[in-house]
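Student: Any chance you can model this:
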Amino acid sequence: MGKHGLDSHTSPEPALDPLSATPLYVQLADAIARKIASGELAPDRPIPSENHLADEYGVARLTARRAAQELRERGLIVTVRGKGSFVVERPPGDGGEPRQA
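Tutor: Have a look, this model is predicted:
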């Protein structure tokens, strides 16, 4: 019952487009950002590991690493050495940078 006939994975995620002008790591970062925005990845909860993302989306681990870097630069995740990357806690309705001092 997938939307596309090319559903080789059990995941309903749309496939990344290697022919697009948008780099794969940006496409992957956008896909994760959508999951964060939809609440599928909740604040203060871990995102999947780079290895898991690489396997799930069929990309190189370096691509997954660059996607995580992109998400950190966007202020959507924070990475804790030895623990993983976590969704940043945002106040409800806050669409801007998570900078509240």
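
Student: So what's the residue count around residue 86?
Tutor: The burial count assigned to residue 86 is 17, neighbours taken as other CB atoms under 10 Å. From N, CA and C alone the C-beta is placed, and that goes for glycine too.

Student: Now do the contacts for it.
Tutor: Residue 86 makes contact with 44, 45, 46, 47, 77, 78, 79, 80, according to CB atoms under 8 Å, 6 or more residues apart in numbering.

Student: Run the chain-centre distance for the host helix or strand of residue 28.
Tutor: Counting by DSSP states H and E, the element that carries residue 28 is helix 24-38. Here the centre of helix 24-38 is set off from its chain's centre by 4 Å, with CA atoms, centre = their mean, to the nearest Å.

Student: what does that helix rub up against?
Tutor: Against helix 24-38 from outside (CB under 8 Å, 6+ apart): 13-14, 16-18, 20, 22, 41, 47, 53, 57, 59, 63-64, 66-71, 74, 76-77, 87.

Student: One more: stretch 53-71?
Tutor: Counting by CB under 8 Å, 6+ apart, 9, 11, 13, 15-16, 23-26, 28-29, 31-33, 47-48, 50-51, 77, 79, 85 sit against stretch 53-71.

Student: So what's the model's average confidence on it?
Tutor: Across stretch 53-71, pLDDT averages out at 97.

Student: buried residues in it?
Tutor: Buried residues in stretch 53-71, defined by neighbour count with 16 or more other CB atoms under 10 Å: 53, 54, 57, 59, 63, 64, 66, 67, 68, 70, 71.
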